[in-house]
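A.B. asks: Here is a sequence together with a model predicted from it:
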Amino acid sequence: MSFQRCAFEERLRQIGAERYHDKHPFHELLHSGGCTPDQVRAWVINRFYYQSRIPMKDAAFMSRVEDPALRRAWRSRIEDHDGSDGNEGGIARWLRLADAVGLDRDYVASAEGVLPATRFAVDAYVRFVRDTSLLEAVAASLTELFAPKIHASRIEGLLAHYAFADDSSLSYFRNRLSEAPKDVAFGLAWVLDHADTAEKQDAAAAALTFKTDVLWAQLDALHAAYVAPAHIPPGAWQPGTHLSGGAA
Ligand SMILES: O=C(O)c1cc(C(=O)O)c2c(n1)C(=O)C(=O)c1cc(C(=O)O)[nH]c1-2
């Protein structure tokens, strides 16, 4: 590997080291057992919106790709979330988590109670992938370089601290531990190959930075709405409602 390629990879990794959402106070609260059941539910509801939009952004990406080899490499991402024969898929696994924390899964799937800022941030990511260069779109997905570490610490933290946590409710994260590394190995190599000028490297680094903001902003919204002093925006999920027991 050339020095220049190594230095660029290091620059991308540094963006994660400084800005990835594993450092957000909401994640510290969640993983250390500090969340109330309603705070966990708020996270499940809002994070579902991100999950639900990931295959849509991957479809938007693929609709712009002219190279069949790149589309072939990318399409398993959609199946990982939507499912395929013999694989229920990430969205169904996430709804199992919604069941386990006592939420009405139809309400979660409807995305009705999602925070406005979560919606804005996630929609901005889908639009970004639809509208920018393919290089920037692939670079934005590289936050997944940093995801296996947070998924592993989430599994460990949730199992240690919350009664709802078990193999079934956490299966989403266990699956991502094997799915994400294959996706990101491909994405990283593709970005390193295609960012072959200083301008393109700057654009790819800016795209990855943008994506860390998309993730961070979602947790800021969650923290502001549901951690004291909590300010729940109009229309967003109210604790105690939409439980699987049938509460309103
Ligand atoms: O739990 C997390 O912290 C986390 C982060 C990210 C990420 O870094 O974007 C993804 C996921 N999970 C994830 O599960 C997932 O499927 C995923 C897809 C993507 C993407 O940008 O294509 N990021 C992520």
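C.D. replies: Sure thing, it's come through.
A.B. asks: Return the distance of the longest helix belonging to the chain from the chain's centre.
C.D. replies: Of all the elements of type helix in the chain, the one with the most residues (DSSP state H) is helix 198-226. Taking Cα atoms, centre = their mean, to the nearest Å, one finds helix 198-226 lying 11 Å from the centre of the chain it belongs to.
A.B. asks: what's it packed up against?
C.D. replies: Contact here means 3 or more Cβ pairs under 8 Å, 6 or more residues apart in numbering; DSSP states H and E; on that basis helix 198-226 packs against helix 3-19, helix 25-31, helix 37-62, helix 116-131, helix 134-140. Placement of C-beta: from N, CA and C, glycine included.
A.B. asks: now the angle from the longest one to helix 116-131?
C.D. replies: Right, helix 37-62. 10 degrees (axes from the mean of the first three to the mean of the last three Cα atoms, to 10 degrees).
A.B. asks: distance of the nearest residue to Leu95 once chain neighbours are set aside from Ala111?
C.D. replies: Excluding its sequence neighbours, the residue lying closest to Leu95 (Cβ to Cβ, 6 or more residues apart in numbering) is Arg105, at 4.7 Å. Distance of Arg105 to Ala111, given as Cβ to Cβ, to the nearest Å: 12 Å.
A.B. asks: ok, the closest residue to the ligand within the chain - contacts?
C.D. replies: Among the residues of the chain, Thr143 lies closest to the ligand, at 3.2 Å counting by Cβ to the nearest ligand atom. Thr143 makes contacts with Gly16, Tyr20, Leu208, Lys211, Thr212, Leu215, as judged by Cβ atoms under 8 Å, 6 or more residues apart in numbering.
A.B. asks: For Asn46, which non-adjacent residue is closest in space?
C.D. replies: Computed as Cβ to Cβ, 6+ apart, the closest residue to Asn46 that is not its neighbour in sequence is Thr118, at 4.7 Å.
A.B. asks: Neighbours of that neighbour, how many?
C.D. replies: Using other Cβ atoms under 10 Å, Thr118 has 25 neighbouring residues.
A.B. asks: which parts of the protein sit against the ligand?
C.D. replies: Neighbours of the ligand within the chain, by Cβ under 6 Å from any ligand atom: Ile54, Ser141, Thr143, Glu144, Ala147, Ile150, His151, Arg176, Leu215.
A.B. asks: and the third one, how far is that from Trp216?
C.D. replies: It refers to Thr143. Thr143 is 10 Å from Trp216, where distance means Cβ to Cβ.
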